[in-house]
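Peer 1: Just a sequence and a predicted model for now, questions to come.
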Amino acid sequence: MPTTSHQQDVDVIYFYSSDIRGDREKLSEETLGKKSPHLKWEVKNQARKNSKAKSSCKSIAYWSETPTCIGVRLEDDDSFTICAPHGLDDLMNLVVQPIPLPYQDLSLYQKRINEKNWDKFWLKLKIVHQ
């Protein structure tokens with residue numbers, strides 16, 4: 001179900017080391033765009049984005065802020081697996097802060113905070129400034 005807030009983007013990640021060129025990314029975005037054209041789809045192969053990670057779940061640990069470092073995977077039996085390498089507390093408590101060392105990139109974190117304007121849409125959000 002699409003979000004009812006100003007956010008209309010959906011990020012989809014996968015980890016496939018045999019697709020380093022990213023051919024599946026564009027094809028997947030086009031396919032998803034046709035199914036739900038009102039959403040902005042972004043599909044990224046994490047094998048191309050982060051050479052240190054060996055899975056999509058491990059790559060999430062390198063994202064900029066803790067509440068975005070969460071992934072959900074639909075399993076074959078229709079159950080969900082949640083990947084949250086920095087935990088779920090910040091997401092549940094409306095806290096945005098940079099990921100811990102050694103993953104941290106404070107300049108990227110600050111850039112995203114400035115660009116996203118999350119605190120203007122979610123007034124209870126607590127943003128940690130570094």
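Peer 2: Yep, it's here. Numbering: from 1, shown residues only.
Peer 1: OK, contacts around the residue of the chain most remote from its centre?
Peer 2: For the chain, the largest distance from the centre (CA atoms, centre = their mean) belongs to residue 77, which lies 23.7 Å off. Going by CB atoms under 8 Å, 6 or more residues apart in numbering, residue 77 touches no other residue. Heads up, the C-betas are built off the backbone N, CA and C, glycines and all.
Peer 1: Name the SS class of it, please.
Peer 2: With DSSP: H, G, I helix; E, B strand; the rest coil as the basis, residue 77 sits in coil.
Peer 1: With residue 28 instead?
Peer 2: Put simply, residue 28 is helix when judged by three-state DSSP.
Peer 1: Show the backbone phi and psi for the nearest residue in space to it that is not next to it in sequence.
Peer 2: Leaving aside its chain neighbours, residue 28 sits nearest to residue 43 (4.2 Å; criterion: CB to CB, 6 or more residues apart in numbering). Main-chain dihedrals, residue 43, degrees, to the nearest 10: phi -110, psi 130.
Peer 1: got the buried residues for the lowest-mean-pLDDT helix or strand in the chain?
Peer 2: Within the chain, no helix or strand scores below helix 46-49, which has a mean of 85 by mean pLDDT, DSSP states H and E. Residues of helix 46-49 classed as buried: 46-47 (neighbour count, 16 or more other CB atoms under 10 Å).
Peer 1: Then stretch 99-111?
Peer 2: Quick answer for stretch 99-111 (16+ other CB under 10 Å): 99, 103, 109.
Peer 1: Quick one: residues contacting the nearest residue to residue 50 once chain neighbours are set aside.
Peer 2: Spatial nearest neighbour of residue 50, chain neighbours left out: residue 59 (4.5 Å); criterion: CB to CB, 6+ apart. The neighbourhood of residue 59, defined by CB under 8 Å, 6+ apart, consists of 13, 15, 46, 49-50, 53.
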